[in-house]
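here is my input; please provide its structure:
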Amino acid sequence: MKTERLLGIALFLQSYKKLTAKKLAEIFEVSIRTIYRDINSLCLAKVPVVALPGPEGGYSLMEGYKLTPNLFTSKELISLFLGGSVIEQVDPKAAIKQALIKIESILPEEPRREIREARKSILFDMTSWFGAKREDYLENLREAIFKRKGLLIAYPSHSRLASEERRISPYGLICKAGVWYLAAYCYKRRHVRTFRVDRIEKVEELEESFVIPGDFDVNRYWKESVKAYEEKQGEYHVKIKVDREMAGIARRYIWAGEKVIVQPDGSLIFQMDVDNFGYPTFFTLGFGRYAEVLEPKELRERVAQEAEWVIRRYKNARKRDK
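Residues are numbered from 1 along each chain as shown. Below you'll find the model as predicted:
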């Protein structure tokens, strides 16, 4: 995404004449240090960025300079336009579409032809299957981040069936694999937490303002969070056997972090480390008689208990149907 950001910075400087590093960092949701590096990259690409010192200073483009079509190579332009199509889908209100229209209008015919051909050959579809939609609070969250306004949200609780209200200070938004996440200080947990945006059920802006800590960097926070998540060892080591008859289907439901061992008879052994039995219970029950929990004993008992409930329910239903 660096190419898109560099172009965005250049376009903003061309439009607004002068902007501070702090303002650019807010616009592009990166650290001030990242903006300094980006400005240096633009200068290396022979874009004449002028640094204006003093309290009223900032960055601007040299007077009379206009962005030229040869600023980027063909590969960079294709990457930029294809990346823009992804951004449009995950955030339809983003300004990327208008920015790309402006860029395309100043390009010579050959790069424009290459971009058209790339669009015909490569498609990113970030929409859900069957048109499933949820309430979209992305714009509300982004506004709250820029305005530095606290929020009251409703978010599902792991320990209860119902959602619970959380008072938060939103620090940044992250899009990973087409899914948006919110990094925010949670006053209940008393530290920065990650919330999945499509699970948020209510957003209410509060009057109170907040200040993002000077040492907070959304890029660093996300890298550390992802690393911690991927290295995390669950409390329980689980082994589930799926018979050969359902092995092909079971492979489609491999969860992140699972290890799959193929047995001589064609059956599969799924191994995973989990903090609770929710996912492995429903995974096992979903394959009915073709799946069996090998360990731990507590999970075997949990699945047996759930299966007994299912049997009871259908026995009662059969009696009612007679």
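
and whichever helix or strand Ser60 is part of, what does it pack against?
Using DSSP states H and E, Ser60 maps to strand 58-61. Strand 58-61 is packed against helix 2-16, helix 21-28, strand 49-52, with contacts defined by 3 or more Cβ pairs under 8 Å, 6 or more residues apart in numbering; DSSP states H and E. Where you see a C-beta, it was placed from the backbone N, CA and C, and this is true even at glycine.

tell me the angle of the first one relative to helix 21-28?
Read it as helix 2-16. 120 degrees (axes from the mean of the first three to the mean of the last three Cα atoms, to 10 degrees).

pull out the buried residues from helix 2-16.
3-13 (16 or more other Cβ atoms under 10 Å).

for those residues, which one is nearest Glu208?
Ranked by distance to Glu208 (Cβ to Cβ), the buried residues of helix 2-16 are led by Phe12 at 29.7 Å.

hang on, the earlier thing: so how far is the strand holding Ser60 off the chain centroid?
Centre-to-centre, strand 58-61 and its host chain are 32 Å apart (Cα atoms, centre = their mean, to the nearest Å).

so the closest residue to Phe210 other than its chain neighbours bridges to which residues?
In space, and not counting its chain neighbours, Phe210 is closest to Ser169: 4.1 Å by Cβ to Cβ, 6 or more residues apart in numbering. Beta bridges link Ser169 to Tyr185 when assigned by DSSP bridges.

tally of neighbours for Ser169?
Burial of Ser169 is recorded as 22 neighbouring residues (other Cβ atoms under 10 Å).

tell me how the chain divides into domains.
Domain segmentation of the chain under automatic domain parsing yields 2-121, 138-231, 236-321.

so which elements touch the helix or strand encompassing Leu285?
Leu285 belongs to helix 278-286 when assigned by DSSP H and E. Here helix 278-286 touches strand 236-242, strand 268-274, strand 291-295, helix 297-321, going by 3+ Cβ pairs under 8 Å, 6+ apart.

please work out which residues outside it touch it.
For helix 278-286, contacts defined as Cβ atoms under 8 Å, 6 or more residues apart in numbering pick out 238, 240, 253, 255, 270, 272, 274, 291-293, 299, 302-303, 306-307, 310.

among these, show me the least confident.
For the contacts of helix 278-286, the model is least confident at Trp255; its pLDDT is 64.

which parts of the stretch 1-150 of the chain are helices?
Assigned by DSSP state H, counting those that start in this stretch, the helices in the stretch 1-150 of the chain fall at 2-16, 21-28, 32-44, 74-90, 96-105, 109-121, 138-147.

could you list the low-pLDDT ranges of the stretch 151-300 of the chain?
158-162, 233, 254-257 (pLDDT under 70).

try 90
Applying pLDDT under 90 to the stretch 151-300 of the chain picks out residues 156-164, 175-180, 189, 198-199, 201, 214, 226-236, 247-260, 272-279, 282-283.

which residues touch Thr34?
Contacts of Thr34 (Cβ under 8 Å, 6+ apart): 25, 217, 219.

make it 10 Å
Shown in contact with Thr34 (Cβ atoms under 10 Å, 6 or more residues apart in numbering): 2, 5, 21, 24-25, 28, 217-219.

now the buried members of the residues you listed.
5, 21, 24-25, 28, 217-218.

pick out the most distant pair among those.
Ala21 and Val218 (16.0 Å).

for Glu26, see how far away Arg148 is.
Distance, Arg148 to Glu26, using Cβ to Cβ, to the nearest Å: 10 Å.

my error: substitute Val50 in the last question.
From Val50 to Glu26 the distance is 21 Å (Cβ to Cβ).

and if you look at Gly234?
For Gly234 relative to Glu26 (Cβ to Cβ), the value is 38 Å.

so these two - more neighbours on which side?
Glu26 (17 against 12).

identify the residues contacting that one.
19-20, 32, 35, 145-146, 148, 212.

a markdown table for the residues you listed, including distance to Leu138 and neighbour count?
What follows is these, written out as a markdown table (distance: Cβ to Cβ, whole Å; neighbours: other Cβ atoms under 10 Å):
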| residue | distance to Leu138 | neighbour count |
| --- | --- | --- |
| Leu19 | 24 | 18 |
| Thr20 | 26 | 15 |
| Ile32 | 24 | 15 |
| Ile35 | 23 | 23 |
| Ile145 | 11 | 22 |
| Phe146 | 13 | 12 |
| Arg148 | 18 | 15 |
| Ile212 | 19 | 16 |
